[in-house]
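In: Predicted structure and sequence below. I'll ask about it afterward.
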Number of protein chains: 2
Amino acid sequence: MAKKTNNSEDRTARVLDKLAEMGNQAIRDIDRNRSPKLSIPVRSLSNVSFNKRRSIIELGSSKQDRTFFNVGMAKKFMQTYLVAQACKQLLDEGKTTSIRDLYYMVKHTIGDSKVNTVDEQAESDACLEDLEVTIDTLREELNLFASNRGAMVGKVTLVDSGDTIDCRRMGSGGYSIPSIVEPDVIQFVEIDADFVLLVEKDAVWRRLNEDKFWKDYNCVLLHGGGQPSRGVRRMVHRLAMEAKLDVFVLTDNDPWGYYIYSVIKQGSINLAYESIRMAVPGARFIGLSAGDKEQFDLPSDDKLRLNKTDVIRAKQIKNYPWFQKKHWQDEINLMLKNEMKYEIEALSSKGISFITEVYLPHKFANPKEMLD
Amino acid sequence: MAKKTNNSEDRTARVLDKLAEMGNQAIRDIDRNRSPKLSIPVRSLSNVSFNKRRSIIELGSSKQDRTFFNVGMAKKFMQTYLVAQACKQLLDEGKTTSIRDLYYMVKHTIGDSKVNTVDEQAESDACLEDLEVTIDTLREELNLFASNRGAMVGKVTLVDSGDTIDCRRMGSGGYSIPSIVEPDVIQFVEIDADFVLLVEKDAVWRRLNEDKFWKDYNCVLLHGGGQPSRGVRRMVHRLAMEAKLDVFVLTDNDPWGYYIYSVIKQGSINLAYESIRMAVPGARFIGLSAGDKEQFDLPSDDKLRLNKTDVIRAKQIKNYPWFQKKHWQDEINLMLKNEMKYEIEALSSKGISFITEVYLPHKFANPKEMLD
């Protein structure tokens, strides 16, 4: 436990230093009769690029100044410092909270006016993102959390907030993955698995857990409840990096499934500044593939036809630099040609445990069918 | 473990008997050259009433026939039996699945036609509800589950699917509550708590968990992630009935929060046929109350004004028979008079742990402020 405390103190001290420096900088500016300003990295698409060598999406170096003596920026400037102050308070008191709470923490009526510091949560949320990227710190390191999302089961023992948790013995629900999985909160004690299988949906995860797939295949089984949360992505990243586990991703066969895979593999556009701590460049896509329809004789159905939004999204991701490999272009083209999408649950029409007994064993026996 | 297996076998045998009887009845009708029919209790508002003595919402005795030899009913009749057949298969194989999977299990193209047995999940969902109420069996007993929702922490040790789980040692995320918490899946081993505190929101739950409220107050702390799922309701019900624990409910101060409390206490209109296994007639409402604004000097804010939907909903629930007690009429009237609503998070403007250190201790010291 000593190690945990040290880790936690290290992180807190490091982040508090950055926050203090941000405050000191404003004081120095004021002392020199200059308008206090912050240099904030630009988070728009124009400043995001795909690093082919490292295989992750990265934030570029463009920055924008936020100045206090500027009618258009003064309020945002104040809000950014209020958010920083609230985060400092959280770290000082060793407490965590939600971004909804943060909104209430920074919300005050200014003096005798009727003007509030913030009116909508969207304002404090945006300032938080600015703060994260400005001082290069994850929100989780600022003690802000989101809801628990996703679950994990498998041959992993970890310590979460001082409690030892054996993910082999977590009942039908598995270990609920918190949004903060930083090393000072969660330490791996023992990992006796060969790979990580991340599935998109909890219903599929439950089927695989009930069939004890993770026992037979010696893996760690996670789901993200749809688009994986930051906590789930960090957890997969840590398993991949710290325990050197391979990562396989199982999603629906539709553009959204492809994108979930790509977010795990190389990061997302919105959170490009976090790719380095989230992405798993070695991750592989295990299905469903557009070719699985024929191979596994899945039922045809007009309701499964790609709709307009699906087609637009498919064409969009087809143009992303990280989908330019030939096998990915082929995969997306085949889906567009078939004009069909498939949920993993469609496998259930072949039998309740078809996915455990036939589909996944086939894929693991034929790694050429996996896409990277 | 022997006990668990027996329980499970008992339940399965009992439910399979009911399903078999449903099939046999159709066969008998056919043998007698009659049109097979099912008698299905009506689930609409007209057949729902509030039992004042038992303090729960109940389903009435109206039934409707669903006949095979009727052009308007034949397809639904077939679907109902297909759903029953799929449930039988699940029970026979000892497997559980989601209602999405169920939809795929019953979906087939009929013979050489282009007609599907079901086109939308809504159809199989409706048939499942019909089946539940017709054979008086919860969907969880038919081995159908929903996503895990909500979390629990506190002085409870239970066995979930054979794994012993100590809810004192579940890290920051707590024990994730499955949708199936029937006694054959989950057995309480030891409960050393004085009461149950159910909070609406996970962020508030997390605050209380981090502050170890459940240790100081010797309670079981649950959240339902908004409107509590069936699993959470069953869990609270079981804790209340089997361990005779008092139940307190903490929600936002708005019509939706009041309704969450009432669903825990006396059941919901939609699931009236399940009230008897879900409702906790002794549950008490601990806040936020409309009077808390003044008492705790919460910040005023135009954004917190009741909107049109809130007002309509408030007037609606004010008319429900189970909100006719004078203190509830006063409570709803005060909210309508204030024209304001409050999130629990609003307490954070008074301090991060204000809820743990001031609000809840005050309420427990002044039980008269709680509503039942």
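Out: That came through fine.

In: which ones are touching whichever residue of the stretch 201-350 of chain A sits closest to chain B?
Out: For the stretch 201-350 of chain A, the residue closest to chain B is residue A:203, as judged by CB to the nearest CB, at 3.7 Å. The C-beta positions use only the backbone N, C-alpha and C, and glycine is treated the same way. Residues in contact with residue A:203, defined by CB atoms under 8 Å, 6 or more residues apart in numbering or on different chains, are A:345, B:97-98, B:100-101, B:147.

In: Residue A:290 is in what secondary structure piece?
Out: Per DSSP states H and E: residue A:290 is located in neither a helix nor a strand.

In: Which of the residues in whichever strand or helix holds residue A:130 are classified as buried?
Out: Element membership of residue A:130 [criterion: DSSP H and E] is helix A:121-134. Within helix A:121-134, the residues that count as buried by 16 or more other CB atoms under 10 Å in any protein chain shown are A:121, A:123-134.

In: Neighbours of the nearest residue to residue A:270 once chain neighbours are set aside, how many?
Out: Nearest residue to residue A:270, sequence neighbours excluded (CB to CB, 6 or more residues apart in numbering or on different chains): residue A:43, at 7.7 Å. Neighbour count for residue A:43, taken as other CB atoms under 10 Å in any protein chain shown: 21.

In: any idea how far residue A:104 is from the residue nearest the centre of chain A?
Out: Among the residues of chain A, the one closest to the centroid is residue A:230, at 3.0 Å (CA atoms, centre = their mean). Distance check for residue A:230 against residue A:104: by CB to CB, to the nearest Å, it reads 22 Å.

In: swap in residue A:81?
Out: Taking CB to CB, one finds residue A:81 at 17 Å from residue A:104.

In: For residue A:199, grab the count of nearby residues.
Out: A count of nearby residues for residue A:199, using other CB under 10 Å, gives 26.

In: Could you identify the helix or strand that succeeds the lowest-mean-pLDDT helix or strand in chain A?
Out: Across the helices and strands of chain A, mean pLDDT, DSSP states H and E gives its lowest value to helix A:2-31, namely a mean of 82. Where DSSP H and E defines the elements, the next helix or strand beyond helix A:2-31 is strand A:37-41.

In: Now do that following strand against helix A:2-31, angle only.
Out: Angle, strand A:37-41 to helix A:2-31, by axes from the mean of the first three to the mean of the last three CA atoms, to 10 degrees: 130 degrees.

In: Tell me the strands beside whichever helix or strand comes after strand A:37-41, with direction?
Out: Moving toward the C-terminus from strand A:37-41, the next helix or strand (DSSP H and E) is strand A:48-51. Sheet pairing for strand A:48-51, assigned by DSSP bridges, gives strand A:56-59 (antiparallel).

In: Using CSV, write out every CA atom in the partner strand.
Out: What follows is strand A:56-59, C-alpha atoms only, in CSV (Å, rounded to 0.1, in the frame of the first residue of the first chain):
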residue,chain,number,x,y,z
ILE,A,56,-1.8,6.9,-33.7
ILE,A,57,-3.9,10.0,-34.2
GLU,A,58,-2.0,13.0,-32.9
LEU,A,59,-2.6,16.6,-32.0
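
In: Run through who's touching whichever helix or strand comes after it.
Out: Per DSSP H and E, the first helix or strand lying C-terminal to strand A:56-59 is strand A:63-67. With CB under 8 Å, 6+ apart as the test, strand A:63-67 has contacts from A:35-42, A:73, A:76-77, A:80, A:130.

In: Just list what the very next helix or strand once past strand A:63-67 packs against, helices and strands only.
Out: Per DSSP H and E, the first helix or strand lying C-terminal to strand A:63-67 is helix A:74-93. Contacts defined by 3 or more CB pairs under 8 Å, 6 or more residues apart in numbering or on different chains; DSSP states H and E place helix A:74-93 against helix A:2-31, strand A:37-41, strand A:63-67, helix A:99-106, helix A:121-134.

In: Would you mind finding the most buried of those?
Out: Mean neighbour counts were taken over the helices and strands packed on helix A:74-93 using mean count of other CB atoms under 10 Å in any protein chain shown, and the top value, a mean of 23, falls to helix A:99-106.

In: Break chain A down into its domains, please.
Out: A:2-35+A:70-145, A:151-369 (automatic domain parsing).

In: Save these as TSV, and put in distance to residue B:212 too.
Out: Below are the domains of chain A laid out as TSV (distance: least, CB to CB, whole Å):
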stretch	distance to residue B:212
domain A:2-35+A:70-145	12
domain A:151-369	11
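
In: Which residues belonging to the helix or strand containing residue A:360 are considered buried?
Out: Here residue A:360 is covered by helix A:360-365, with elements defined by DSSP H and E. Neighbour-count burial for helix A:360-365 flags A:360, A:363-364 (criterion: 16+ other CB under 10 Å).

In: Pull up the gap between the nearest residue to residue A:48 once chain neighbours are set aside and residue A:129, please.
Out: Counting by CB to CB, 6+ apart, residue A:272 is the residue found nearest to residue A:48 once chain neighbours are left out, at 4.6 Å. Using CB to CB, residue A:272 is found at 11 Å from residue A:129.

In: and what of residue A:372?
Out: Distance from residue A:372 to residue A:129, by CB to CB: 30 Å.

In: One more: residue A:281?
Out: Distance, residue A:281 to residue A:129, using CB to CB: 24 Å.

In: repeat for residue A:256
Out: 23 Å.

In: How about residue A:52?
Out: For residue A:52, the distance to residue A:129 - CB to CB - is 26 Å.

In: Contact residues of the stretch 151-300 of chain A facing chain B?
Out: A:151, A:159-165, A:169-178, A:180, A:185-186, A:202-203, A:206-207, A:210, A:225, A:299 (CB under 8 Å from any CB of the partner chain).

In: circling back to that earlier point, nearest to residue B:325, out of the domains of chain A?
Out: domain A:2-35+A:70-145 (31.5 Å; CB to CB).

In: sorry, back to before: single out the most deeply packed of the domains of chain A.
Out: Note that of these, domain A:151-369 is the most buried (mean count of other CB under 10 Å), with a mean of 19.
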